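Visitor: Pasting the sequence and the predicted model now:
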Amino acid sequence: MSSNQVLSLYRQFLRYGNKFASYNFRDYTIRRSRDGFRANMNETNPEKLAVLIEKAKYDLAALKRQATISQMYTKGEHLVVEKHP
């Protein structure tokens, strides 16, 4: 898998992470996504990269489902830290 494809996968994690209705879930998901990709940024072993990419694809599918469910059952209430002037 090329670096462009990995970058695309990373962007999808951030995009779907931003779709959570809850500030706490949204912040947690984005933070964990960034940390996970950065922790493996310098990995060069092709076999381990293939395993990491497959796991990321599996996790992305779960993230998409959870983000959709989160949007379906939101009440529209926001935390104080979310409100913009």
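Guide: Arrived safely.

Visitor: what about Phe25, how many neighbours?
Guide: As a burial measure, Phe25 scores 15 neighbours (other C-beta atoms under 10 Å). Where you see a C-beta, it was placed from the backbone N, CA and C, and this is true even at glycine.

Visitor: And the helix or strand containing it, what does it pack against?
Guide: Using DSSP states H and E, Phe25 sits within helix 23-39. With contacts taken as 3 or more C-beta pairs under 8 Å, 6 or more residues apart in numbering; DSSP states H and E, helix 23-39 sits against helix 3-17, helix 46-72.

Visitor: quick one: low-confidence parts of the protein?
Guide: The chain contains residues with pLDDT under 70 at 1, 76-80, 83-85.

Visitor: And the residue nearest the centre of it?
Guide: In the chain, the C-alpha nearest the mean C-alpha coordinate belongs to Phe13, at 3.0 Å (C-alpha atoms, centre = their mean).

Visitor: roughly how far apart are that residue and Val81?
Guide: Distance of Phe13 to Val81, given as C-beta to C-beta, to the nearest Å: 22 Å.

Visitor: OK, contacts around Gln66?
Guide: Going by C-beta atoms under 8 Å, 6 or more residues apart in numbering, Gln66 touches 20, 25.

Visitor: what about it, distance to Asp59?
Guide: Separation of Gln66 from Asp59 (C-beta to C-beta) stands at 10 Å.

Visitor: if we can go back for a sec, now find how far off-centre the helix holding Phe25 is within its chain.
Guide: The chain centroid and the centroid of helix 23-39 are separated by 6 Å under C-alpha atoms, centre = their mean, to the nearest Å.

Visitor: Pull out the buried positions in that helix.
Guide: By neighbour count on 16 or more other C-beta atoms under 10 Å, the buried set for helix 23-39 is 26, 29-30, 33, 36-37.

Visitor: Alpha carbons of it, as PDB, please.
Guide: Only the C-alpha atoms of helix 23-39 are listed here, as PDB (Å, rounded to 0.1, in the frame of the first residue of the first chain):
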ATOM      1  CA  TYR A  23     -17.800  16.100  22.000                       C
ATOM      2  CA  ASN A  24     -16.100  13.600  24.200                       C
ATOM      3  CA  PHE A  25     -16.400  10.700  21.600                       C
ATOM      4  CA  ARG A  26     -15.300  13.000  18.800                       C
ATOM      5  CA  ASP A  27     -12.200  14.300  20.700                       C
ATOM      6  CA  TYR A  28     -11.300  10.800  21.900                       C
ATOM      7  CA  THR A  29     -11.600   9.300  18.400                       C
ATOM      8  CA  ILE A  30      -9.500  12.000  16.700                       C
ATOM      9  CA  ARG A  31      -6.800  11.800  19.400                       C
ATOM     10  CA  ARG A  32      -6.600   8.000  19.300                       C
ATOM     11  CA  SER A  33      -6.500   8.100  15.500                       C
ATOM     12  CA  ARG A  34      -3.600  10.600  15.400                       C
ATOM     13  CA  ASP A  35      -1.700   8.700  18.100                       C
ATOM     14  CA  GLY A  36      -2.200   5.300  16.400                       C
ATOM     15  CA  PHE A  37      -1.000   6.500  13.000                       C
ATOM     16  CA  ARG A  38       1.900   8.500  14.500                       C
ATOM     17  CA  ALA A  39       3.100   5.500  16.600                       C
END
